[in-house]
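*Asks:* Generate a structure from the sequence data that follows.
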Amino acid sequence: MFGIPGNPPVSLTPAAAGQISKLMEKDNSMGLRIGIKKGGCAGMEYTMEYVSEIDKNDEVVEVEGARVMIAPMAQMFLFGTEIDYEVSLLEAGFKFRNPNVVDACGCGESIKFDDALAVDKP
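*Replies:* As a prediction, the model looks like this:
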């Protein structure tokens with residue numbers, strides 16, 4: 001919808017694609033839907049949820065058997081984002097490297113976008 005035609009709005013690292021594929025198989029889902037909602041100390045948060053069907057308005061990205069759907073309201077906020085899956089001694093989880101983020105809270109759970117991208121809907 002946004003960005004350069006033919007380019008996916010997000011990219012997945014091999015680690016993220018592998019983890020998403022495992023989650024899809026374990027949950028027997030069509031993939032993960034990624035969105036944005038208001039919340040957190042910086043103003044916005046990423047959301048991820050299993051989905052059993054693809055919404056006609058979702059942007060679908062498929063990489064190596066992994067499938068993510070980008071919710072319509074999140075597409076402009078996520079364009080250019082690389083999604084990775086990192087494992088450390090203390091935690092494991094998805095990491096979003098998003099060029100549209102202008103600020104983030106200290107815990108890394110909450111983000112802020114340029115006011116030009118701000119929306120009033122959750």
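
*Asks:* Need the per-residue pLDDT for the residue lying closest to Ile70 once chain neighbours are set aside.
*Replies:* For Ile70, ignoring the flanking residues on the chain, the nearest one in space by Cβ to Cβ, 6 or more residues apart in numbering is Glu59 at 4.1 Å. In short, each C-beta sits where N, CA and C put it, glycine included. In the prediction, the pLDDT value recorded for Glu59 is 92.

*Asks:* Surely Glu59 and Arg67 touch.
*Replies:* No: the pair Glu59 / Arg67 is not scored as a contact, 11.3 Å apart, by Cβ atoms under 8 Å.

*Asks:* pLDDT weak spots in the chain?
*Replies:* Under the criterion pLDDT under 70, the flagged ranges of the chain are 1-6, 42, 103-122.

*Asks:* longest single helix anywhere in it?
*Replies:* helix 14-27 (DSSP state H).

*Asks:* starting at the chain centroid, how far to that helix?
*Replies:* Shown here is helix 14-27, whose average C-alpha point lies 14 Å from the average C-alpha point of the whole chain (Cα atoms, centre = their mean, to the nearest Å).

*Asks:* what's the angle from the helix or strand that that helix is followed by to helix 14-27?
*Replies:* Using DSSP states H and E, the helix or strand that follows helix 14-27 towards the C-terminus is strand 31-39. Computed by axes from the mean of the first three to the mean of the last three Cα atoms, to 10 degrees, the angle separating strand 31-39 from helix 14-27 equals 100 degrees.

*Asks:* Pull the distance from strand 31-39 to the chain's centre.
*Replies:* A distance of 6 Å separates the C-alpha centroid of strand 31-39 from that of its chain, computed with Cα atoms, centre = their mean.
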